[in-house]
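Trainee: no FASTA, just this:
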DNA sequence: TGTCCACTGGAAATCCCGGGAT
DNA sequence: ATCCCGGGATTTCCAGTGGACA
């Protein structure tokens, strides 16, 4: 059934992309100066999750590499590397300069010094989920580095700019923007078709079943591919050669639950307790939530810390915060699209 | 309309931990 | 073994805000 599991993985970057020619062209043009040894333009990729932003950033960078003899590139997900230190570290890692870095011997400004003195081949970095950075000052650092072009990815422009100071905001105002929309149903179907062709045995799944997956994914390619992956896995386990409608229907909730489970796995004990309370109780006011939290753990954190946790969980799309100030309530997220 | 105050979120202080230095 | 340092996590402090209610 599954002939090549890689193409069903979320991080797989295909050789050809579909339905995103316009976006690829804009990004390619922004990077074009690199072909003449000049810095490319800073680019912002905006749009909902699963719209192909990460994929197109990687694809275009890869294509640039094929056209330019010598270029370095690095992909950094700010969800995982959310501090200034870690981002700088990753950037150095991309040019193999981290061997002798230790906290004691190399204060973080030395990381920056080293990057500023970098004079190797042109360097393209992709900062994914850049709104998740806790210390946005690293973006300012990027501007001080020569021979470096940044591609920034975020869901909504406001998420990024609301926490930037004026100095940074004005720098970004001139950057190139590329807006991504959700995929249409037929676009998703053809994306799935391609993945099925590359990764599954022939006639493993019919067009009708692919359409069913595309419909359930509601424009999100990541979810669509996740459902396909789950369906193929289940068919494998059952020993059948065809992914039937029944199997797809069984795989839909799993495909969605997987996204949620992955996020929930990242939660630590106290955050998990908060999440469980909201799952048990439904919508709650902040005060009630905190009281219940104190009852369930023996070493409660302060209210302020709990607010930070809740904020983070909202970013993870695990919970929803409604209302402002006094009228705020928290509830678990159930739709997950 | 005005006052009250539960709540938010920024900033700064402080705690805590790991790892090099002595 | 102990000290010291930097960085992340947490706490402390507090100004600001907008519903609730008279």
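Mentor: Thanks, I have it. All figures in this text were calculated on a predicted structure; none of them were measured in a lab. Residues are numbered from 1 along each chain as shown, chains lettered A, B, ... in the order given.

Trainee: mind checking how far stretch A:69-81 is from the chain centre?
Mentor: 13 Å (C-alpha atoms, centre = their mean, to the nearest Å).

Trainee: now the strands for chain A?
Mentor: Using DSSP state E, the strands of chain A run over A:43-46, A:71-77, A:122-128, A:148-154, A:176-179, A:319-322, A:329-332.

Trainee: for DNA strand B, see how far away the residue nearest to residue A:53 when sequence neighbours are not counted is.
Mentor: Leaving aside its chain neighbours, residue A:53 sits nearest to residue A:45 (4.4 Å; criterion: C-beta to C-beta, 6 or more residues apart in numbering). C-beta coordinates here come from the backbone N, C-alpha and C atoms, glycine included. As defined by C-beta to the nearest atom of the strand, to the nearest Å, residue A:45 lies at a distance of 24 Å from DNA strand B.

Trainee: show me what contacts residue A:45?
Mentor: Counting by C-beta atoms under 8 Å, 6 or more residues apart in numbering, residue A:45 makes contact with A:23, A:27, A:53, A:56-57, A:151-154, A:178, A:180.

Trainee: for it, name its beta-bridge partners.
Mentor: Applying DSSP bridges to residue A:45 gives these bridge partners: residue A:153, residue A:178.

Trainee: ok so, going back, which one of the strands of chain A is the most hemmed in?
Mentor: Most buried of the strands of chain A by mean neighbour count (mean count of other C-beta atoms under 10 Å) is strand A:148-154; its value is a mean of 25.

Trainee: can you name every helix or strand that that one contacts?
Mentor: strand A:43-46, helix A:53-67, strand A:122-128, helix A:137-143 (3 or more C-beta pairs under 8 Å, 6 or more residues apart in numbering; DSSP states H and E).

Trainee: let me have the ones you listed in CSV, extended by mean pLDDT.
Mentor: Shown next, in CSV, are the helices and strands packed on strand A:148-154 (pLDDT from 0 to 100):
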stretch, mean pLDDT
strand A:43-46, 94
helix A:53-67, 94
strand A:122-128, 93
helix A:137-143, 82
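
Trainee: minimum distance to residue A:206: which of these has it?
Mentor: Ranking those by their distance to residue A:206 (criterion: C-beta to C-beta) puts helix A:53-67 first, at 25.2 Å.

Trainee: helices or strands up against that closest one?
Mentor: Helix A:53-67 sits against helix A:21-31, strand A:43-46, strand A:71-77, strand A:122-128, strand A:148-154, with contacts defined as 3+ C-beta pairs under 8 Å, 6+ apart.
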